[in-house]
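In: prediction below, plus the sequence it came from.
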Amino acid sequence: MSVKRVLLLVLGVVAGAGIVAGLGALGVPIAFAVAWVLLIVAVGLLSRAVHLDDHAWPPPRPERRPRGSEVSRLSWNINARTGEAGLLIVRRVQRVLRHRLARLGVDLDDPGQSDAVDALLGAGIRETFARPEVTRTDLERVMSAIDRLPSPLNQER
């Protein structure tokens, strides 16, 4: 403890004893005077305390680490040596194809509509997703077929 703190502590004890003695001389019971001094000391200590929750409300959102772009994550799903496409990119292309065909009222998974799917996409495109290994060139053929699909608003295309 520093000298300053010791001096403040001694001065506080002397002042408290003086207040208790002064109130006792006025006829106040000693226990009551000591309780008031302790209350004053407690309020003083609490007013000097640093508040633990000193943050603004609402708390800021936690920062998210930036991840790579979706394109870069998809590109890592193609094996550069073998040209085989990973499951993530195959599922993504398949989901886009299903969505585009659904906008035209055709279901890719319905065997009864296989002729309509082949008419829109071309022969062999639908079977691409049934194979265990899908290559980059297969996906390029599927995406070219998706690009050739007519828009649901403009059927003349």
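Out: That came through, no problem.
In: only C-alpha atoms for contact and neighbour calcs from this point on.
Out: Fine.
In: what bits of the protein have low per-residue confidence?
Out: 1, 49-55, 66-75, 152-157 (pLDDT under 70).
In: what's the spacing between the lengthiest helix in it and its chain's center?
Out: Longest helix of the chain, by residue count under DSSP state H: helix 3-25. Per CA atoms, centre = their mean, to the nearest Å, the displacement of helix 3-25 from the mean C-alpha position of its chain is 55 Å.
In: which residue is nearest the middle of this protein?
Out: residue 64 (6.3 Å; CA atoms, centre = their mean).
In: how much space between that residue and residue 116?
Out: As for residue 64, its distance to residue 116 is 45 Å (criterion: CA to CA, to the nearest Å).
In: can you check residue 102 too?
Out: To residue 116, residue 102 is 12 Å away according to CA to CA.
In: contact partners for residue 84?
Out: Going by CA atoms under 8 Å, 6 or more residues apart in numbering, residue 84 touches 78, 133-136.
In: grab the nearest non-local neighbour of residue 145.
Out: residue 121 (5.2 Å; CA to CA, 6 or more residues apart in numbering).
In: that neighbour is in contact with residue 147, isn't it?
Out: No: using CA atoms under 8 Å, residue 121 is not in contact with residue 147; the gap is 9.5 Å.
In: these two: who's more crowded?
Out: residue 121 (22 against 13; other CA atoms under 10 Å).
In: how near is the more buried one to residue 143?
Out: 10 Å.
In: tell me what the longest helix of the chain is packed against?
Out: When contacts are defined as 3 or more CA pairs under 8 Å, 6 or more residues apart in numbering; DSSP states H and E, helix 3-25 sits against helix 30-48.
In: brilliant, that's me finished.
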